[in-house]
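Asker: attaching a predicted model along with its sequence, questions to come.
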Amino acid sequence: MGVIADTSIWIDLERGFLRAADLEAAVEGDDVFVAPVTFAEMEYGFRRARGREQRSQRAAALAAIKARPCLAITDQTGEIFGRVAADLDSSGRPSKHRTQDLWIASLALQHGFKVLTQNRRDFDDIPGLTVLSLSP
């Protein structure tokens, strides 16, 4: 079994709000994977860093993330994304402002993985998705 760690997890690790041991305890021995959109979000944060200290901290976080296996977005992922987004929109739970989260969820559904996040509300309404969180 595997777990895709949402960008919120990596940001909290970078900022020192979480420890690597917290991540490992939350996934209970499952392998941790990264979604390509997480690389995009973290790269954006790195490039927007203010000052040398923040840039250095974010560079270290990016290096740690790059040590994890990254899942590829495929045509099957796209099909799942389209279905999930349409279903959410049809049910009155808009998908419009959470595109990156839906890519992560689609990858998790495709591979039968869980999602670990600090923002449960971004994922809890996606049918069939198992969501883990370190915050209430």
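Answerer: Alright, I've got the coordinates.
Asker: got the residue ranges for the strands in this structure?
Answerer: 2-5, 31-33, 114-117, 131-133 (DSSP state E).
Asker: tell me the strands beside the third one, with direction?
Answerer: Read it as strand 114-117. strand 2-5 (parallel), strand 131-133 (parallel) (DSSP bridges).
Asker: next, the buried residues of it.
Answerer: 114-117 (16 or more other C-beta atoms under 10 Å). For the C-beta atoms, the positions are set from N, CA and C on the backbone; glycine is no exception.
Asker: may I have that strand as CSV, with CA atoms only?
Answerer: Only the C-alpha atoms of strand 114-117 are listed here, as CSV (Å, rounded to 0.1, in the frame of the first residue of the first chain):
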residue,chain,number,x,y,z
LYS,A,114,-4.3,7.0,0.6
VAL,A,115,-3.7,10.7,0.8
LEU,A,116,-2.0,12.3,3.9
THR,A,117,-2.9,15.9,4.3
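Asker: can you say which of the strands paired with strand 114-117 is packed in most?
Answerer: Stretch with highest mean neighbour count among those: strand 2-5 (a mean of 21; mean count of other C-beta atoms under 10 Å).
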